[in-house]
Structure formats: C-alpha cells, structure tokens
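Q: Using only what follows, build the 3D model:
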Amino acid sequence: MKRKKLFAAVCLIGFTTPLLASSAPKFEVVINEQAAAAPVTGRLIVVLAKKADPEPRLTIAPAGPAIYAVDVNHLAPGQASIIDENSVGYPMPLGQLPAGEYFAQAILNVYSEFHRSDGHTVWVHMGDGRVEVFQIAPGNLYSEVTPVQIGAGGTVRLQIAHVIPPSPAPPDTAWLKHIKIQSKLLSEFWGHPVFIHATVLLPKAYDEHPNARYPLVFPLGHNVPFSFSPDPQSGGRSDRAATGLESGYEFFQAWNSEGFPRVIAVTLEQATPYFPDSYSVNSANNGPYGDAIVQEVIPYLEQHFRAIGKPYARILEGASTSGWQTLALQLQHPEVFGGAWVLQPDPIDFRHYQLVNIYKDENAFSIPTGPLTSTERPFRRTVEGQVAYTVRELSLFEEVLGTKGRSGFQLEAWEAVYGPAGADGYPVPLWDKLTGKIDRNVADSMRDRGFDLRDYAERHWAEVGPKITGKLHFFCGDMDNFYLNLAVYDFQNFLKTTTNPHYEAEFTFGRPEKGHAWHAWTWAEMVRQMAAYIEKNAPAGENGASWKY
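A: Got it, this is the predicted structure:
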C-alpha cells in the first residue's frame with residue numbers, strides 16, 4: 001500500500017515546527033516472558049484515553065480514544081517494539097494529539113499462521129467461532145493502564161504482562177441449549193479446526209411432548225434468541241420507543257403463555273478471523289460458511305432437536321448484518337428455507353453501498369458538489385440527520401486496527417465476505433483506506449460473485465423468482481443510522497419491475513425518524529406472524545398438530 005508515503009506527507013504537514021515534533025512521546029512496548037514464552041506476530045496497538053476506567057482497550061471505537069499501531073513479526077519477549085510519531089494513528093497523528101494527561105494501554109492482537117486449502121498462507125487471529133472482538137479475545141495480550149503526559153516528549157515504556165483467558169462456556173438451562181459443531185468443510189479450508197456455535201431456545205413443555213416435531217426459526221443474531229430471559233430485571237421498557245421491542249423477560253412471559261406458538265428458535269455464532277460473523281455465505285477469504293450451515297449445522301440441529309426438517313418449517317430472520325444474511329440465504333438456497341424476515345439489512349444493492357455507488361463513484365471519501373468543490377461522505381448519522389462520522393474517518397480507524405484486512409471491523413468485513421483474495425491470500429480492499437480511491441475490479445468482482453443481492457436476484461430471476469414468491473418480508477426505518485434504507489428502496493423498486501413471476505414482496509418502513517434499531521413489531525408478535533405463515537404455507541397432508549399445544 002501507499003500508507004508510508006502518504007502518512008509521511010501528513011506528518012510533514014502536522015509537524016511544521018520543532019516544538020510539535022519534539023512534543024510527541026515515543027512508546028517502547030515490551031512483552032513480558034510470563035505473557036509469551038516465544039516470539040509473537042500480530043498487531044500492536046497503543047490506546048490513549050482520557051479516563052483509566054474502563055480500561056482504554058475496552059473503549060476502542062470510531063468515537064473513542066486515540067489509537068496508534070504497528071505490525072510486529074516474531075517479536076521476542078523482552079524485545080522492544082516502537083510506536084511513535086511515524087506510526088499510523090487515529091483520529092490524528094500522535095504529534096497532533098492535544099497536550100495533557102492521558103492513560104495509555106497496549107494491546108496485542110495475536111496472529112497465528114494458517115495454510116489454507118486454496119494454497120494461501122495467512123497470519124490471522126483465529127478464535128473458536130464465538131463472537132469475541134479482539135479487545136477481549138482469548139490469547140490476546142495487554143498491559144496495565146499507565147498515566148502519561150502528552151506534550152512533553154520523552155519515552156514511555158509499557159510492559160505487556162497479561163493474557164486474556166478463555167471465556168467460560170454459557171451454561172445450559174431447561175430452556176437454552178448451547179451447541180458447538182466442528183465443521184468439516186471449514187476445517188479443511190483453514191487446515192485447522194473451525195467451529196460454529198448454536199444457542200437453541202426450546203418451546204414450553206418440550207420434554208413433555210416427545211413425539212412433537214417443531215418448526216425451526218433462525219433469528220440470525222449472536223445472542224440468546226429474541227433476548228429471551230427468565231430474569232425479571234433483564235432489560236426494560238426504556239428502549240421500547242426507539243426499538244419497538246419488549247424486554248427479555250417480557251418475551252419469556254410470552255414464550256411460556258398459553259396459546260403461544262411452540263417453535264424452536266436458534267441463533268448462530270460463526271466468527272471468522274476477519275469479523276465476528278461470516279455472513280453465512282461461501283467466501284474466497286472466509287471459506288464455505290454457506291455450505292457449512294446448510295449441509296452440516298442445520299441437519300445436526302434438526303436431528304438432535306426433533307425439528308420438522310422441511311423447507312416450509314425453516315424460517316429466517318435477521319437485522320443489519322443478519323438481515324443481509326437472511327436475504328442471501330433465502331436467495332441462494334430457496335429450496336432450503338421457507339421464508340425470510342429481513343430487517344434493516346447491510347447493503348443489498350451495491351449502487352447504494354450505504355452512500356457509495358461502487359460501480360460509478362471514483363472515491364469513497366468525498367462527494368463532488370461542483371466543478372471545484374466536494375463534501376465528505378457520511379458513514380453514520382443520528383435519526384435527526386446529524387453526521388456521527390464519515391467514511392474517511394472509519395477507513396482510517398480500520399487501517400490502524402489492522403493491515404491486510406485484519407481490522408475486524410465493518411468495511412473490511414464486507415471486503416472479506418464479498419471480495420476476492422489477493423495474491424498474498426488476504427482480502428483485496430475495495431478502496432484505499434487512506435485515499436478513498438475505489439478499485440473498480442474489486443467492485444465488479446463483488447457483483448459477479450453474487451454478493452450484490454439485488455443484482456443477483458435480477459440476473460437469476462427466472463430461476464429464483466418462482467421459488468421465493470411470497471417468502472420475503474422487509475422492514476427498515478426511514479432514517480436508518482447507516483443509510484441502509486436506500487438499498488432497501490432499490491430492492492423494492494426492482495421487485496416492482498419483475499415478471500414471470502411478478503412479485504413485489506412485503507415492505508414495511510418506519511416513519512418518522514426511525515433508526516437502525518427500529519422494529520415494526522415486538523419479538524412475540526413476530527413469532528406469532530411466523531407461526532401463522534408456517535401454517536398457511538404447509539404443504540397439503542402435513543400434520544402440524546404435534547407442535548400446537
């Protein structure tokens with residue numbers, strides 16, 4: 001990449017006086033032998049926060065503390081790694097950070113070497129499939145929090161002495177069962193054991209009805225299905241106005257009420273080295289997650305939990321990342337799933353990759369407004385329209401978190417899922433994270449691989465259309481915080497033009513000022529809708545009496 005030359009230019013602009021140049025401290029970071037007995041490869045980040053509590057590493061975010069980073073390769077215990085004014089940083093170069101007291105903490109995202117079946121060798125952080133961001137991921141290393149004075153120059157020494165331990169597995173209960181499945185397909189791709197986790201929510205009186213067969217509902221989030229909780233203190237009504245959802249305990253009460261649909265609900269954890277979610281599709285960089293879910297995970301669950309095991313009784317639901325997954329699975333496997341509730345999905349038409357048209361725009365960072373003028377392209381907004389941060393800012397943030405697509409954050413998650421693998425085995429960036437220039441070859445590859453879901457549906461409508469008619473239900477707020485409503489409008493407009501069959505689907509838009517967390521109904525209301533839909537669409541001769549008690 002051109003990072004070094006560009007960052008040097010930025011530094012020259014920022015450090016025009018000796019005073020500024022000398023005011024930036026140098027950080028010497030050393031790994032204690034108790035934290036690592038052998039050399040370590042990974043991404044070293046120094047966090048500078050204005051508060052010591054919570055720990056700075058736990059507050060890393062686009063609107064969070066300052067971060068500065070370097071890659072380390074086979075860094076031996078006791079050997080110093082340097083972070084200084086030449087290191088890439090966010091939200092500003094180290095030499096431009098306002099003077100004052102800060103609290104410094106170092107964290108090292110540890111990489112391991114993997115020899116993939118596609119012939120590539122990559123260094124990435126590989127967990128066990130559970131959703132754990134790098135700041136709390138087992139095996140990663142960190143230092144104590146140290147107060148530092150910015151503006152006086154000098155050297156700050158940080159010693160990495162702590163290893164993040166494995167997190168305990170959640171316990172099973174009468175309602176919730178936690179399943180860990182090793183995927184043969186993914187393990188072969190990575191040359192290493194790869195797991196997918198499932199949290200299974202059983203219906204009331206499951207054990208008392210041993211002959212019952214149940215529909216499977218997949219709310220494709222990462223947590224307990226529908227926030228189910230028997231704890232009366234879980235959640236509350238404070239978010240009802242913004243989200244439209246009930247508390248976990250309120251859903252628990254509905255789930256156990258008389259006449260409530262007796263279905264099984266399953267959430268999946270399928271974290272990859274590049275993001276906390278695989279997006280449930282086959283990917284050049286992540287491996288065959290779509291095949292693993294359809295061919296390995298679902299058959300296992302249906303066998304072990306007495307599911308009906310037929311397409312009409314497999315329902316998908318998801319929001320945001322999971323919304324994209326829901327639509328992708330329904331389009332790519334229309335013979336497997338019987339219906340999809342798609343809530344505020346990640347971009348499903350890449351002409352609105354949020355506010356970027358990746359096929360026509362030259363630069364992701366700026367929007368031309370005139371022959372000589374442009375404005376910054378937002379990434380996130382409030383429901384009132386106030387910009388929270390821009391594409392340029394998020395791109396730099398991810399560049400600091402990791403090189404070669406290893407930030408574990410949103411932009412590079414999409415590149416890992418949708419894009420090609422480069423000659424070095426890592427995801428090819430859609431745009432340069434420091435200049436914003438879009439790589440049209442990557443954009444075209446994303447489309448041609450079928451990840452622009454509107455384009456995929458349009459190109460395959462003769463085959464897919466008859467199989468998904470009646471199955472799609474879309475929901476989105478009119479002021480989605482990430483501009484995701486725009487691509488949903490595009491998909492709706494496409495469906496209006498379809499023929500053989502003509503199918504417009506069901507679209508529900510929240511207005512006014514409904515953001516990314518908005519839901520049209522409570523979870524309990526949605527489950528009732530799904531159950532009624534399953535009954536209505538059950539093939540002739542199907543006996544659904546066993547799950548209606």
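Q: what about the protein, any weak spots by pLDDT?
A: 1-22, 235-239 (pLDDT under 70).
Q: Grab the longest helix from it for me.
A: The helix that spans the most residues within the chain, counting by DSSP state H, is helix 523-537.
Q: which helices and strands sit right next to that helix?
A: helix 248-255, strand 314-320, strand 339-345 (3 or more C-beta pairs under 8 Å, 6 or more residues apart in numbering; DSSP states H and E). For the C-beta atoms, the positions are set from N, CA and C on the backbone; glycine is no exception.
Q: could I get those as a markdown table with mean neighbour count and distance to I45?
A: Below are the helices and strands packed on helix 523-537 laid out as a markdown table (neighbours: other C-beta atoms under 10 Å; distance: least, C-beta to C-beta, whole Å):
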| stretch | mean neighbour count | distance to I45 |
| --- | --- | --- |
| helix 248-255 | 21 | 34 |
| strand 314-320 | 25 | 26 |
| strand 339-345 | 27 | 31 |
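Q: Out of these, which is closest to I83?
A: Set against I83 and scored by C-beta to C-beta, these come closest in strand 314-320, at 33.4 Å.
Q: can you give me the helices for the stretch 301-450 of the chain?
A: Secondary structure of the stretch 301-450 of the chain by DSSP state H, counting those that start in this stretch: the helices cover 321-332, 391-401, 410-418, 440-448.
Q: As JSON lines, the ones you listed with mean neighbour count and distance to I164 would be great.
A: Listed next are the helices of the stretch 301-450 of the chain as JSON lines, based on neighbours: other C-beta under 10 Å; distance: least, C-beta to C-beta, whole Å:
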{"stretch": "helix 321-332", "mean neighbour count": "25", "distance to I164": "24"}
{"stretch": "helix 391-401", "mean neighbour count": "22", "distance to I164": "17"}
{"stretch": "helix 410-418", "mean neighbour count": "25", "distance to I164": "22"}
{"stretch": "helix 440-448", "mean neighbour count": "17", "distance to I164": "34"}
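Q: of those, which approaches F507 most closely?
A: Nearest to F507 among the helices of the stretch 301-450 of the chain is helix 321-332; the distance by C-beta to C-beta comes to 12.7 Å.
Q: now for that closest one, which elements pack on it?
A: Looks like helix 321-332 contacts helix 289-292, strand 314-320, strand 339-345, helix 453-459, helix 461-468 (3+ C-beta pairs under 8 Å, 6+ apart).
Q: which parts of stretch 478-486 are buried?
A: Using 16 or more other C-beta atoms under 10 Å as the test for burial, stretch 478-486 gives M479, D480, N481, F482, Y483, L484, N485, L486.
Q: these two touch, right, the first one and Q344?
A: So that's M479. No - the criterion here is C-beta atoms under 8 Å, and M479 misses it with Q344 at 10.9 Å.
Q: Quickly list what's touching both of these two.
A: Here M479 and Q344 have N485 as joint contacts, going by C-beta atoms under 8 Å, 6 or more residues apart in numbering.
Q: want to try JSON lines for the helices of the stretch 301-450 of the chain, with distance to V527 as columns?
A: Converted to JSON lines, the helices of the stretch 301-450 of the chain look like this (distance: least, C-beta to C-beta, whole Å):
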{"stretch": "helix 321-332", "distance to V527": "15"}
{"stretch": "helix 391-401", "distance to V527": "35"}
{"stretch": "helix 410-418", "distance to V527": "29"}
{"stretch": "helix 440-448", "distance to V527": "34"}
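Q: Could you say which one of those comes nearest to W431?
A: With C-beta to C-beta as the criterion, W431 lies closest to helix 391-401 of the helices of the stretch 301-450 of the chain, at 7.3 Å.
Q: Distance to A38 for the helices and strands packed on helix 523-537 - can I get that in CSV?
A: Formatted as CSV, the helices and strands packed on helix 523-537 follow (distance: least, C-beta to C-beta, whole Å):
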stretch, distance to A38
helix 248-255, 43
strand 314-320, 39
strand 339-345, 43
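Q: Quick one: closest of these to H74.
A: strand 314-320 (38.0 Å).
Q: Check which strands are paired with the closest one and give the direction for each one.
A: Applying DSSP bridges, strand 314-320 is found paired with strand 216-219 (parallel), strand 339-345 (parallel).
Q: So which of the helices of the stretch 301-450 of the chain is nearest N286?
A: Among the helices of the stretch 301-450 of the chain, the nearest to N286 by C-beta to C-beta is helix 410-418 (6.0 Å).
Q: Now do F228: how many residues are near it, please.
A: F228: 22 surrounding residues under other C-beta atoms under 10 Å.
Q: you'd agree it is up against S247?
A: No - F228 is beyond contact range of S247, at 10.4 Å (criterion: C-beta under 8 Å).
Q: Now for N140, how many residues are close by?
A: As a burial measure, N140 scores 23 neighbours (other C-beta under 10 Å).
Q: With adjacent residues omitted, what lies nearest to it?
A: For N140, ignoring the flanking residues on the chain, the nearest one in space by C-beta to C-beta, 6 or more residues apart in numbering is I164 at 4.9 Å.
Q: Dihedrals phi and psi, that neighbour?
A: phi -70, psi 120 (degrees, to the nearest 10).
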